[in-house]
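*Asks:* sequence first, then the predicted structure:
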Amino acid sequence: MSQFQRTAAFHTLGCKLNFAETSTIARQLTEAGYEKVSFDEKANVYVINTCSVTENADRECKFHVKRAMKANPDGLVVIVGCYAQLKPEEISQIEGVDLVLGAKEKFNILSYLDDLEKSENEGIVHSCEIEETDFFIGSYSIGDRTRAFLKVQDGCDYKCTYCTIPLARGISRSDTIENVLKNAKEIAERDIKEIVLTGVNIGDYGKGEFGNKRHEHTFLDLISELDQVEGIERIRISSIEPNLLKDESIELVSKSKSFVPHFHIPLQSGSDELLKKMKRRYLTKLYTDRVNKIREVMPDAAIGVDVIVGFPGETEELFMETYNFLNELPITYLHVFTYSERENTEAAEMEGVVPIPERKRRNKMLRILSEKKKMAFYQTQLGKTLPVLWEHENKDGKMFGFTENYVRVQKNFDQASVNQIEFSKLEKIEADGTVSVMNSFESFLEKI
């Protein structure tokens, strides 16, 4: 590839971990002399980071390849990410795709770009067997001035019967504490106020590289060290398995100067029968214990829940077990996923398939429940004065931000508030579901 062709564009599908990794790949290219441009602009290289969790991974991939080709028919299109690891040959057949890189190869993108030319037929594939993915590349995203996604762990050793992530990302492995702290300090130096810890199974943090199953450190060790990093106002834990969320970690967050009172804990089902079929590593009693422990030490904490509807064998009775369990649990909101069959998973071969329309009906019921839960939680926060981190977007004269406990708030746009943490009194739930605030008081940093 000519040294004079130096523009690159990026698009990310899926989770926070993907965003962190896209940012790292983008930094590699910019450090090598590429200028980063918008995905809909003319670029020499388009990198699409894909996801395998979404139901329409193939359709989404094709859509964004077409976007790239519309922006520049001569641009090189590179596909990376989980879908690229799982279906490399299939992706290589998509018109416009020039290069497909697997889990191990994506961080060596520069070495593959040097001699890459626009493909007339199918794209070139460089994808190892997932068993060879036994190293860790630290990543963090800095696209948003207010927060950064910091990758601390990758891969998963769990064998949940519905999940392809172990096939796409390999064994559980972690960054060193030293490197995580170095990355956190780099983020702090960029005046980013919030870090979101990301990984595939971050509660399993500490397993070493190259298949070393022994924990060098624990998740508690990690958050204890991160809590001491100067310059980071907030650290948010993204998603952590209930069996790996220990009392000690909850206690640390409750007393922390940096970690915010917000937990996202996957449940997947409120039926013990289905949890066993899913091969989850806990039952509903343990989940209830975790939620109650959080509520005991942090009454105002936000607690988010992942749940799957329509899993094979989920009768109406078992679905209502889930519904009633969640309805009675003091949680804040739900992320509801409709089960879809995945190749090479145990669940895809199970009996008791739930019809698609029924899966969608159950999804809608839980989304309505989620909205009720969230509004009830927001009501408990009205009248309180809480620190809000304001974002940069100006949407019809309004700006938005989050409290520490994940209440989405709004006020009239004020450039001076962008990327600032300000004490704000929560006044009223608006029609769009956000909470309006009074004029912010002096910035949080000045107050302390």
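*Replies:* In hand now; what should we look at?
*Asks:* switch to C-alpha atoms for all contacts and neighbour counts from now on
*Replies:* OK.
*Asks:* give me the mean pLDDT for stretch 175-187.
*Replies:* Mean per-residue pLDDT for stretch 175-187: 91.
*Asks:* what do you get for stretch 384-392?
*Replies:* 95.
*Asks:* got the buried residues for it?
*Replies:* 385, 386, 387, 388, 389, 390, 391, 392 (16 or more other Cα atoms under 10 Å).
*Asks:* show me these that map onto strands.
*Replies:* Counted as lying in strands by DSSP state E, out of those, are 385, 386, 387, 388, 389, 390.
*Asks:* if we can go back for a sec, now, among the buried residues of stretch 384-392, which is nearest to residue 158?
*Replies:* residue 389 (35.3 Å; Cα to Cα).
*Asks:* tell me the pLDDT of the nearest residue to that closest one once chain neighbours are set aside.
*Replies:* Spatial nearest neighbour of residue 389, excluding adjacent residues (Cα to Cα, 6 or more residues apart in numbering): residue 421 at 4.3 Å. pLDDT for residue 421: 95.
*Asks:* ok, residue 421 to residue 402 distance?
*Replies:* 10 Å (Cα to Cα, to the nearest Å).
*Asks:* what do the two both touch?
*Replies:* 388, 389, 390 (Cα atoms under 8 Å, 6 or more residues apart in numbering).
*Asks:* the first one reaches residue 400, doesn't it?
*Replies:* No. With contact defined as Cα atoms under 8 Å, residue 388 does not reach residue 400; the gap is 9.1 Å.
*Asks:* from residue 371, how far off is residue 365?
*Replies:* 10 Å.
*Asks:* picking up where we left off before, overlap in contacts, residue 388 and residue 400.
*Replies:* Joint contacts of residue 388 and residue 400 (Cα under 8 Å, 6+ apart) are residue 409.
*Asks:* quick one on the thing from earlier: looking at residue 365 and residue 371, which has the bigger crowd around it?
*Replies:* residue 371 (15 against 12; other Cα atoms under 10 Å).
*Asks:* helices of the chain, residue ranges please.
*Replies:* 16-31, 57-71, 82-86, 88-92, 109-113, 165-169, 177-189, 219-226, 247-255, 272-278, 284-297, 316-328, 356-381, 444-447 (DSSP state H).
*Asks:* and residue 125, which of those is closest to it?
*Replies:* Per Cα to Cα, nearest to residue 125 of the helices of the chain: helix 88-92, 6.5 Å.
*Asks:* report the buried residues of that closest one.
*Replies:* 88, 89, 91, 92.
*Asks:* ok, the third one - contacts?
*Replies:* Just to be clear, that refers to residue 91. 58, 79, 84, 97, 100.
*Asks:* per-residue confidence at it?
*Replies:* Residue 91 is given a pLDDT of 91.
*Asks:* for the stretch 1-150 of the chain, give me the ranges with low pLDDT.
*Replies:* 1-5, 53-55, 127-139, 141-145 (pLDDT under 70).
*Asks:* switch to 90 and redo it
*Replies:* 1-6, 13-21, 23-24, 27-28, 31-32, 51-60, 81-90, 102-108, 110-147 (pLDDT under 90).
*Asks:* hmm, residue 29 is touching residue 112, no?
*Replies:* No. Between residue 29 and residue 112 there is no contact under Cα under 8 Å: 11.9 Å.
*Asks:* neighbour count winner among those two?
*Replies:* residue 29 (19 against 16).
*Asks:* which non-adjacent residue is nearest the more buried one?
*Replies:* Closest to residue 29 by Cα to Cα, 6+ apart is residue 110, at 7.0 Å.
*Asks:* so how far is residue 357 from that neighbour?
*Replies:* 45 Å.
*Asks:* which of these two has more residues huddled nearby?
*Replies:* residue 110 (13 against 10).
*Asks:* ok, residue 329 - contacts?
*Replies:* 288, 291.
*Asks:* need the pLDDT of it.
*Replies:* 98.
*Asks:* may I have the phi/psi pair for it?
*Replies:* phi -80, psi 140 (degrees, to the nearest 10).
*Asks:* state the distance from it to residue 207.
*Replies:* The value you get for residue 329 to residue 207, if Cα to Cα is used, is 32 Å.
*Asks:* pLDDT below threshold where in the stretch 151-300 of the chain?
*Replies:* For the stretch 151-300 of the chain, counting by pLDDT under 90, the residues that fall below are 154-155, 164-171, 173, 176, 190-191, 206-217, 229-232, 238.
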